[in-house]
Structure formats: C-alpha cells, structure tokens
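>>> sequence and computational prediction follow.
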Amino acid sequence: MTGEIIFNKVTKSYKITKAKYGLLRDAIVESFTRKLKRVVVPDNRAVALNRVSFRIKRGESVGIIGRNGAGKTTILKLISKITYPEKGEISTQGRIGAFIELGAGLHHELTGRENIFLYGAILGMNKKEIDEKFNDIVNFAEIHKFLDTPIKKYSSGMYSRLGFSVCAFCNPDILLVDEVLAVGDVNFQKKCIAKMHDFKKEGRTILFVSHDMEAVRSISERVVYLEKGRIVRSGNPREVIDYYLSRAKETPQNEL
C-alpha cells in the first residue's frame with residue numbers, strides 16, 4: 001500500500017572509532033601486531049536499534065521521541081536508505097521526501113537554483129516536475145534574493161528553508177522530518193508545521209522526529225517513544241509524551 005512503512009525486528013549498530021581518519025599502513029601494522037600478540041579486540045559497537053518492529057499505515061502521522069542517541073534519526077535514515085539494517089526487514093511503498101540532516105542532498109558550490117534541481121532529482125522528481133514546482137519552492141523557501149548565490153554562503157536557516165521546501169513540493173507519499181527544523185526562524189517553523197498539517201489532510205504519511213513536544217502533539221496521531229534503541233511505549237500522543245517527560249525527570253541521561 002502506497003505510504004505504508006513496516007519495520008520487522010530491525011537491528012542497526014555503529015562501530016565506535018577513536019579517530020575519524022587514519023593511514024592505511026597504520027591499520028595494516030596494527031592488525032598484524034594484534035595477530036602476532038593474539039590480542040582479543042572487543043566489539044566496539046554502539047547499538048542504535050535493537051530488534052525494532054512497528055507498522056505505520058498510509059496517511060498516518062507518527063511522532064518519534066526520546067533522548068539523544070535513542071535511535072530516532074537512525075529510523076529515518078533506514079527508511080530513506082541512507083543506511084541499511086544489519087538484521088531484520090524494512091518495507092516502504094511510495095515516494096519518500098526526507099529532510100533529515102541539514103544540507104543533505106545539497107551541494108555547497110552550487111547556487112540555490114541549481115540545488116533545487118539537484119535535490120529534486122535525488123528525491124525522484126523529473127525535470128518537468130521540478131520546473132512546474134520551481135516557483136512554489138522558491139516562494140516557500142523565501143530565498144528569491146539569494147537564488148543565484150552559491151549556498152556555501154547561506155546561513156543554517158536558509159539551508160533549512162531550501163531543503164524543507166524541496167522536500168515539501170516533491171509530492172512525497174511519505175514525508176520524513178527530523179529536528180533540523182529547529183534551525184529555522186519561528187515564522188518558517190510555523191509555515192513548515194502548517195505544511196505538514198496540509199499533508200495530513202491530503203492523506204500522506206508523516207514521520208516526525210522532534211524534541212519539541214508541542215509540535216509533536218500538534219502533528220501526530222500516534223507517538224513512539226524510544227529508549228536505548230528499543231520502543232518503550234507507543235500510542236496516544238498525550239499519554240506517551242507525558243510518560244516520556246516523567247521518565248526524563250526521574251532518570252539521568254546516562255541511565256536512559
């Protein structure tokens with residue numbers, strides 16, 4: 001069914017490294033030394049999701065909440081195929097508009113105009129579709145004055161406006177939105193929330209990750225609360241949010 005999302009016992013973990021970059025020769029020497037000394041190397045991996053299962057129906061608006069590191073953004077990345085699960089199955093139907101990481105899908109050296117076509121193509125739009133939606137995207141993003149300026153000169157708020165606007169007008173069956181909306185100004189955030197309400201009325205599926213509990217209450221028909229890569233509670237937005245807030249007060253960050 002178009003707009004449906006199914007997670008079936010999905011597990012995803014990430015390797016913990018001490019440094020982002022290293023020399024190949026150093027890695028080879030280290031590996032050889034370990035073999036000679038028969039050193040047992042611990043499995044330095046952080047589990048982001050642990051056998052997570054859920055189903056989101058077509059047209060359903062679902063909020064995902066939880067502390068930092070709970071696995072919220074990982075779910076969006078798995079759905080949009082930015083990354084892939086180690087175990088389990090994920091099924092999605094329809095075009096996905098994913099606004100997850102600030103600047104993702106945008107090229108710093110290209111202008112705002114060029115990036116609309118680039119990001120639109122990444123999201124599955126053809127040139128005719130982009131041409132038809134171009135003015136709507138520009139008007140919504142409010143970047144008329146900077147349309148032909150390389151986006152490396154944009155502020156984080158302008159990045160946010162441009163990225164969300166392209167996603168919003170790519171006619172997605174499934175819209176994925178992460179906390180990155182927080183970098184936009186208050187008026188633009190209100191526009192985004194209003195646009196997401198329009199999507200709800202049109203019967204599109206929305207998956208919304210945020211620490212803004214009022215925004216989550218406003219948009220979501222159901223809320224999923226994640227804790228250490230597992231679903232703790234799912235259901236009525238007010239009940240789940242109240243439970244999460246009570247847990248957050250009682251439990252220190254490092255114990256959740």
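Structure received. Numbers count the residues shown, from 1 in each chain.
>>> only C-alpha atoms from now on, for both contacts and neighbour counts.
OK.
>>> so which bits of the host helix or strand of M196 are buried?
Using DSSP states H and E, M196 sits in helix 186-201. For helix 186-201, a neighbour-count test (16 or more other Cα atoms under 10 Å) marks F188, Q189, C192, I193, K195, M196, H197, F199, K200 as buried.
>>> contacts only, for the nearest residue to the first one once chain neighbours are set aside.
In space, F188 comes closest to R161 once its chain neighbours are excluded; the distance is 7.4 Å by Cα to Cα, 6 or more residues apart in numbering. When contacts are counted by Cα atoms under 8 Å, 6 or more residues apart in numbering, R161 touches F140, A141, E142, G184, F188.
>>> show me which of those has the smallest pLDDT value.
Least confident entry in those, by pLDDT: G184, with 66.
>>> need the strands for this protein, in chain order.
Ranges of strands in the chain, per DSSP state E, are 5-15, 45-56, 61-65, 87-92, 96-99, 174-177, 205-209, 222-227, 230-235.
>>> direction included, what does the last one pair up with?
Sheet pairing here is set by DSSP bridges, and for strand 230-235 it gives strand 222-227 (antiparallel).
>>> swap in the longest one?
For strand 45-56, sheet partners with direction are given as strand 5-15 (antiparallel), following DSSP bridges.
>>> which outside residues touch the partner strand?
44-58, 79, 84-93.
>>> just the buried members of those residues?
By 16+ other Cα under 10 Å, these give 47-50, 52-53, 56-58, 79, 84-85, 88, 90, 92 as buried.
>>> looking at the strands of the chain, which is nearest to G157?
strand 96-99 (13.7 Å; Cα to Cα).
>>> show the average pLDDT along that closest one.
89.
>>> tell me the pLDDT at the residue nearest to F188?
Residue-level confidence at R161 comes out at 89, pLDDT.
>>> what's the spacing between it and S155?
Distance, R161 to S155, using Cα to Cα, to the nearest Å: 10 Å.
>>> give the rounded mean pLDDT of stretch 68-85.
Stretch 68-85 comes out at a mean pLDDT of 93.
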